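Structure for the following, please:
(chains A and B)
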Number of protein chains: 2
Amino acid sequence: MATLGGASKKHKVAIIGSGNWGTTIAKVVAENTKANPELFEQDVQMWVFEEEVTVDNQKQKLTQVINSRHENVKYLPDIALPKNIIANPDLVDTAKDATILVFNLPHQFIARTCETLKGHVVPFARGISCIKGVEVTESKCDLFSDSIGQKLGIYCGALSGANIATEVALEKWSETTVAYDPPGMDSRHQTPVGSRRGSESGQQEVGMKSGHVAEPDTKKTTLKALPAEYPPLNHANIKKLFHRPYFHVRMVHDVAGVSLGGALKNVVALAAGWVDGLGWGDNAKAAVMRVGIMEEVKFGKTFFSNSVRTETFTEESCGVADMITSCSGGRNFRCAKMSVAEGKSIDEIEERELNGQKLQGTSTAYEVNAFLKKEGKEREFPLFTAVYNILEGNKKPEDIPDLLEDKDDE
Amino acid sequence: MATLGGASKKHKVAIIGSGNWGTTIAKVVAENTKANPELFEQDVQMWVFEEEVTVDNQKQKLTQVINSRHENVKYLPDIALPKNIIANPDLVDTAKDATILVFNLPHQFIARTCETLKGHVVPFARGISCIKGVEVTESKCDLFSDSIGQKLGIYCGALSGANIATEVALEKWSETTVAYDPPGMDSRHQTPVGSRRGSESGQQEVGMKSGHVAEPDTKKTTLKALPAEYPPLNHANIKKLFHRPYFHVRMVHDVAGVSLGGALKNVVALAAGWVDGLGWGDNAKAAVMRVGIMEEVKFGKTFFSNSVRTETFTEESCGVADMITSCSGGRNFRCAKMSVAEGKSIDEIEERELNGQKLQGTSTAYEVNAFLKKEGKEREFPLFTAVYNILEGNKKPEDIPDLLEDKDDE
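Numbering: from 1, shown residues only, chains lettered A, B, ... in the order given. Coordinates of the predicted model:
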C-alpha cells in the first residue's frame, strides 16, 4: 500500500501492436491490470492493424474476432485472451488517455506509428518498448526506445529477455528484464523494488537524456512529470504490470544494455552455430557464448558508457539467458550450424529454411561491422569481427579459436 | 623476456595422476614445457598408479606401455602423447625436485597421496589442483586445493573450466580458468598478465591463508618463498604452462570461486534437467541457469567472502561456460530430464544409465543442503533448496517457478 501514496487516479495502459509477441504481452498486461485494480484501470486497449480474416467460413474483421472470441486467431491462435483486452483498429483512439504505452510491433513500423501518434498521447505518458534489438548504421547505434521517446516527447524504457512469445502465451515459465530509468530515478544503483527510494516522484519537470551514440547526453528535451494524483511509476509498480507467476520480471535501470543484448546475441549465435557444426562440442559452443557476452559488455561500455552496466549482460535474462537460448535452438544458430555441417553458404540455408524470412544475425553482423570499422574498433571486438569476416568469406569457422586468442598478453 | 628476470634455473613440472583428465592435462603441459624452454625443464614426470594392461595379447605394465608407445592405452586411448611425458609408478620419485605439482586424480585419493608425498616435495614448490569440486559437509566447505596445500605445506591454486577431457585431448577448442593467488600477489585486482605487478617476487616468506569456512583466515602456515634463481611464478608464466591454441586459459585470483563453480553447477543441472523434462523449453532452462549462477555467487560471497568475486561465476569459463555445458548434455542434466520425462525416480535412472557410477549432482545437493541448514540459510538459496526438496519428494519439479519467485519485493 505504501506505493499508492493516496493516488486518486489509475493508470490506463495501451498496447501498440498485436502480432504474436504483442498479443502475448497484452495478455500478460491485461491479467495484471485486473490483478492490481488499485494501480491500473482494468481495460487494456490493444491497437490492431486491421485486416480481414476468415473464421467459420466468413470473412470478418480481425478486431471484431478478437473482441468477440477473445482470441487473436491470426497471430496467436488457440490462446484464450483475457476479456479486458479491447482490440482497437484506431491507433490514436487506442492511445487516448493512456498513461502507459507498451510498444510491441515490427521495428520498421516505429517511425510511421509514432508519426500518427505524435501530439495525441498524454504528455506525461511513459512508454515501454518490447521491440527487440537496436538500430545500427555506419554512423550511429540507436535504441528503439529512444527513437520512440524522442518522437513522442515521452520517456520510454525497454523489456527484453529469454522469451519466445508462444511459450509465454502458453504460460510456460520464463524470466524477463524490464529497464526503466526516467530522469529523476537514481540510476547509479538498482532501486530496491518496493522501496520509495529512486522512484519517480512526479514533482518536477526533468531533462530527458538521449542514449544514442551520435549525440551522447546533449539532446535534452523537456519531459512532463507524472501528476501527483497518479500512483508513482517506480520499479515496484512497473514490475506489477509485467510480472506473472509464469513470467518473472527483474527490474533494472540499464535501457541500453537490455536493448543491446537482444540485438548482439544474434551475431554470437552464428558463431556458436558454426562451431557446433564443426563438431567441436558443447565446450567450444559455451566458450563462444562466454566471449560473446563479454563483447556485448564491451560494446555497451564503449558506445553507451554513461548507463551500461556489466551485470545487465552477465546476470540478467536479457543478457546471459537470452544468449543461452539463442545459441541453443534459435534460427541464427540452426542455420549457421547447417551451413557448416552441409558445406553450404548461409544464404542458401536461409533461403531453404526460412520461407523468405531473413536471418537477423547476418544483417546485424554487417551493420555492427560497418559501425566498428567507422569507429576504428574492429580489433577490439574479435568475435564480432570474426563473424563478419566469415560471412564475407575472408575467414573460415575453423579460424575462430585463433581469431579469439589473446596474443597480446604473451 | 621481461618475465625471466635473469633466472638461472628452470621449473620442473610433475603431474600427480594419470586418468582420463590427468593424462590430458599432462599432454597440454608437456607441449608447453617444450614450447617454453626458457621457463620449464622439458621432461614432465607423470605419476601412474601401476597396473597391468593387455596390449598385443601380452600383459604389460601401464607405465611401460605409456613410455614405449606414448599412449595411455587404458585411460586415454588413441591419443598420441608427447614423448617428454615420463610415466612413473613411484609417487615420491615423480615429485622429486619438482617446483610445480599439478594434481589431477579422483578426490578420494587426495589424502592418501598427500600423506605419501609429505616431506618429499620441494619446500618452495607450488601446486595447481585440476580436481573438480569442493568438499562439503554439514560443518564446513573445504577446497581441494586448500587441503592439498595444507597437507604438503605449499601453496596450491586451481584449474577448472568447461572442459571434457576427451575433447581437450582431441584438441577441440575450449577455454579454461586457472586461479592462482599465492600470498604476496595483489589479489584485489586481476593481475595484468605479463606485467610484473602482483607477481610472486620470491623475496620473502609469507603467511598462507586457509580459505575454508570453519576457520576463516586464522590458520596460517609458513610458506617458503620461491628462490630468486627461478623464473617468477606470476600469472604470465603459469598461463604458459597451460595455454594452448586449442585450450585458452584465463588467469584469475579467485581460487574459491573457480572451485565452487565446478561443484555447484551439478546441483543446478538437475533443476535444468527437470524443467526441460517438463517440456518447458529453452527459456525456462536458461532461467534456471541464470538463477543458478547467481546462487553460486551468493554461496561464494557468503561462505568465502574474502576472496570470491562475482565475475568468476558470471564471466569465466569455470562459471558461466561450465554451467552452460553441464546444463546442455552433462549426465546430471540428462538423468534428471529422463526422470521427469519417464516419470521415474532419479535413482532408477542413475542405476540404469550410469553403469554403477553415481550422479555428482544429487550427493552435492544433499551435502550443500546439510551445510545450509546448519548455517540457517536454506531460504537464501531457493534453487539449491528446491533441488534438495524435489530429491526428497517434498516438492515437485513443477513447483520450481513458484519456489524461485521473489515474493518479498511486492
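
Low-confidence ranges, the stretch 151-300 of chain A, go.
Scanning the stretch 151-300 of chain A for pLDDT under 70 picks out A:186-221.

Do you have the strands of it handy? List them.
Taking DSSP state E, counting those that start in this stretch to define them, one finds strands in the stretch 151-300 of chain A at A:155-160, A:174-179, A:206-208, A:221-223, A:247-252.

I'd like these written out as JSON lines, with mean neighbour count added.
Where C-beta positions appear, they are placed from N, C-alpha and C, glycine not excepted. Putting the strands of the stretch 151-300 of chain A into JSON lines (neighbours: other C-beta atoms under 10 Å in any protein chain shown) gives the following:
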{"stretch": "strand A:155-160", "mean neighbour count": "28"}
{"stretch": "strand A:174-179", "mean neighbour count": "27"}
{"stretch": "strand A:206-208", "mean neighbour count": "17"}
{"stretch": "strand A:221-223", "mean neighbour count": "15"}
{"stretch": "strand A:247-252", "mean neighbour count": "23"}
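
Might you report the residue contacts of the residue nearest to A:I79 when sequence neighbours are not counted?
Excluding the flanking residues, the one nearest A:I79 by C-beta to C-beta, 6 or more residues apart in numbering or on different chains is A:A169, at 4.6 Å. By C-beta atoms under 8 Å, 6 or more residues apart in numbering or on different chains, the residues touching A:A169 are A:T23, A:T24, A:K27, A:L76, A:I79.

Any figure for the gap between the fourth one and chain B?
With distances taken as C-beta to the nearest C-beta, to the nearest Å, A:L76 is found 16 Å from chain B.

Please name the bridge partners of that residue.
Applying DSSP bridges to A:L76 gives these bridge partners: A:N72.

That one: how many residues sit nearby?
Look at A:L76: counted by other C-beta atoms under 10 Å in any protein chain shown, it has 22 neighbours.

all helices of the stretch 1-150 of chain A, in order?
Assigned by DSSP state H, counting those that start in this stretch, the stretch 1-150 of chain A shows helices spanning A:20-35, A:62-69, A:91-95, A:110-117, A:144-152.

Who are the contact partners of the residue nearest to A:A35 when sequence neighbours are not counted?
Once flanking residues are discounted, A:A35 sits nearest to A:K240: 7.9 Å by C-beta to C-beta, 6+ apart. With contact taken as C-beta under 8 Å, 6+ apart, A:K240 is in contact with A:N32, A:A35, A:N36, A:L39, B:E410.

now that we're looking at A:K240, how far away is A:L223 from it?
Distance of A:K240 to A:L223, given as C-beta to C-beta, to the nearest Å: 22 Å.

Same check on A:H107?
23 Å.

Can you report how many residues lie near the residue nearest to A:D97 when sequence neighbours are not counted?
Leaving aside its chain neighbours, A:D97 sits nearest to A:K12 (5.3 Å; criterion: C-beta to C-beta, 6+ apart). Neighbours of A:K12 under the rule other C-beta under 10 Å: 22.

and what of the one 4 residues further on?
Summarising burial for A:I16: neighbours were counted as other C-beta under 10 Å, giving 27.

Report the beta-bridge partners for it.
Assessed by DSSP bridges, A:I16 has beta-bridge partners A:W47, A:F103.

check contacts around it.
Residues near A:I16 by C-beta under 8 Å, 6+ apart: A:G22, A:W47, A:L91, A:T94, A:A95, A:L101, A:V102, A:F103, A:N104, A:L105, A:T113, A:L117.

Share the number of residues neighbouring the third one, please.
Other residues within reach of A:L91 by the criterion other C-beta under 10 Å amount to 18.

In CSV: the contacts of A:I16, plus pLDDT.
Listed next are those as CSV, based on pLDDT from 0 to 100:
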residue, pLDDT
A:G22, 97
A:W47, 98
A:L91, 98
A:T94, 98
A:A95, 98
A:L101, 98
A:V102, 98
A:F103, 98
A:N104, 97
A:L105, 95
A:T113, 98
A:L117, 98
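
hmm, stretch A:309-319 touching chain B?
Yes. Stretch A:309-319 lies within reach of chain B by C-beta under 8 Å from any C-beta of the partner chain, at A:T310, A:E311, A:T314, A:E315, A:E316, A:S317.

Please apply the same query to stretch A:373-384.
No. Taking C-beta under 8 Å from any C-beta as the criterion, stretch A:373-384 and chain B are apart, separated by no less than 11.9 Å.

And for stretch A:119-135?
No. Applying C-beta under 8 Å from any C-beta, one finds stretch A:119-135 out of contact with chain B, separated by at least 13.8 Å.

can you give me the end-to-end distance of stretch A:247-257?
20 Å (C-alpha to C-alpha, to the nearest Å).

try stretch A:171-180
End-to-end distance for stretch A:171-180, by C-alpha to C-alpha: 24 Å.

Pretty sure A:I324 sits against B:M289.
Yes. Counting by C-beta atoms under 8 Å, B:M289 is a contact partner of A:I324 at 6.2 Å.

Show me what from the stretch 251-400 of chain A comes close to chain B.
A:275, A:279-287, A:289-291, A:293-294, A:310-311, A:314-317, A:320-322, A:324-325, A:328-329, A:400.

Buried among the contacts of A:I16? Make that a ChimeraX selection.
To isolate the buried members of the contacts of A:I16 in ChimeraX, using 16 or more other C-beta atoms under 10 Å in any protein chain shown:
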select /A:22,47,91,94,95,101,102,103,104,105,113,117
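
residues contacting the residue lying closest to A:V178 once chain neighbours are set aside?
Spatial nearest neighbour of A:V178, excluding adjacent residues (C-beta to C-beta, 6+ apart): A:L159 at 4.8 Å. For A:L159, the contacting residues are A:I25, A:I128, A:S129, A:C130, A:T176, A:T177, A:V178, A:A179, A:F242, A:V258, by C-beta under 8 Å, 6+ apart.

could the helices of the stretch 1-150 of chain A go into TSV alongside distance to B:G149?
Formatted as TSV, those follow (distance: least, C-beta to C-beta, whole Å):
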stretch	distance to B:G149
helix A:20-35	52
helix A:62-69	67
helix A:91-95	66
helix A:110-117	59
helix A:144-152	51
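
Show the backbone phi and psi for A:F381.
phi -130, psi 70 (degrees, to the nearest 10).

Please name the nearest non-neighbouring residue to it.
Closest to A:F381 by C-beta to C-beta, 6+ apart is A:E295, at 5.2 Å.

tally of neighbours for that neighbour?
22.

didn't it look like it was pressed against A:F384?
Yes. Using C-beta under 8 Å, A:E295 makes contact with A:F384 at a distance of 5.8 Å.

Quick check: neighbours shared by these two?
Contact criterion C-beta under 8 Å, 6+ apart; residues shared by A:E295 and A:F384: A:L264.
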